[in-house]
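S.K.: What follows is a predicted protein model with its sequence.
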Amino acid sequence: MDIASMRKEYKMKNLSEEAVIHDPMQQFKQWFEESIEAQVPEPNAMILATCSAEAKPSARVMLLKGVTPEGFIFYTNYESRKGLELAQNPQASVVFLWLELERQVRIEGVVKKVTREESEQYFYSRPFESQVSAMISPQSKAIEGKLELEALHKKTTEMYLGAKVPFPDHWGGFLLSPTTIEFWQGRESRFHDRIQFTKKDASWSWVRLAP
């Protein structure tokens, strides 16, 4: 397998200074809507990178569940590895890759928990069995085996069938408030377009980065 020779030319679009929206949150929403229109599979999938208090990084794929003027919202188990790392070090980064449009968005910022009310509202909008999974799963912890967890899921499902699943204290949302957002558009000969926005106080400035 010749991995080094694997390459693809990107020719679909460009990102000019004249075309980019000078509010990066609006630019993100435009690109996100275009990814939906293009039927990109799971356009809200993103890679979330966190770092422990000892500066050990880790990354995983998450699903974006909301965009507000303040930032980007996702939900998880607060006692999972990412939840504990974000409690120790609230700096985080996410990356969206919409390969079908030859686009990437990189976001860096500071994370904080959303309110319990917001977390509960989203929790109860999820399918019943997903609520059960969130309640019983000791996410990121070692377990005896899959059968034990499946048995607990079945027992808990039967227990709360037709009733309200208790909202778990260990589960909820995070808001990533961006300080840097970079829009990347693939171009021919690896001459990619990169526009980076940086936030200072309440205002955004932007520059073009070399590919």
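M.R.: Perfect, I can see it now.

S.K.: Spell out which helix or strand contains E158, please.
M.R.: For E158, the host element (DSSP states H and E) is helix 146-160.

S.K.: Buried residues, the helix or strand following that helix. List them.
M.R.: For helix 146-160, the following helix or strand on the C-terminal side (DSSP H and E) is strand 171-185. By neighbour count on 16 or more other Cβ atoms under 10 Å, the buried set for strand 171-185 is 171-179, 181-185. Quick note: C-beta positions are derived from backbone N, CA and C, even for glycine.

S.K.: packing partners for the helix or strand bottoming out on mean pLDDT in the chain?
M.R.: Every helix and strand in the chain was compared by mean pLDDT, DSSP states H and E; the lowest is helix 146-160, with a mean of 90. Here helix 146-160 touches helix 128-136, going by 3 or more Cβ pairs under 8 Å, 6 or more residues apart in numbering; DSSP states H and E.

S.K.: Can you list the buried residues in the helix it packs on?
M.R.: Buried-residue list, helix 128-136, by 16+ other Cβ under 10 Å: Q131, V132, S133, A134, M135.

S.K.: Alpha carbons of that helix, in CSV - could you do that?
M.R.: Output of helix 128-136 as CSV, limited to C-alpha atoms (Å, rounded to 0.1, in the frame of the first residue of the first chain):
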residue,chain,number,x,y,z
PHE,A,128,-36.3,6.9,25.5
GLU,A,129,-33.6,4.3,25.2
SER,A,130,-30.9,7.0,24.7
GLN,A,131,-32.0,8.5,28.0
VAL,A,132,-31.6,5.1,29.7
SER,A,133,-28.1,4.7,28.1
ALA,A,134,-27.0,8.1,29.4
MET,A,135,-28.3,7.3,32.9
ILE,A,136,-26.6,3.9,33.3
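
S.K.: Run through who's touching that helix.
M.R.: Contacts with helix 128-136, where a contact means Cβ atoms under 8 Å, 6 or more residues apart in numbering, come from 77, 123-124, 126, 149, 152-153, 156-157, 160, 165-166, 168, 171.

S.K.: Go through those and say which is closest to K13.
M.R.: Set against K13, the nearest of those by Cβ to Cβ is R126 (35.0 Å).

S.K.: any idea of the pLDDT on that closest one?
M.R.: Listed pLDDT for R126 reads 96.

S.K.: Does it belong to a helix, a strand or coil?
M.R.: Of the three states, R126 takes coil under DSSP: H, G, I helix; E, B strand; the rest coil.

S.K.: Grab the nearest non-local neighbour of it.
M.R.: Leaving aside its sequence neighbours, R126 sits nearest to A134 (Cβ to Cβ, 6 or more residues apart in numbering; 7.5 Å).

S.K.: Domains of the protein: list them as residue ranges, please.
M.R.: Domain assignment for the chain by automatic domain parsing gives 9-123+169-208, 125-166.

S.K.: K65 contacts F174, correct?
M.R.: No - K65 lies out of contact with F174 (Cβ atoms under 8 Å); the separation is 9.9 Å.
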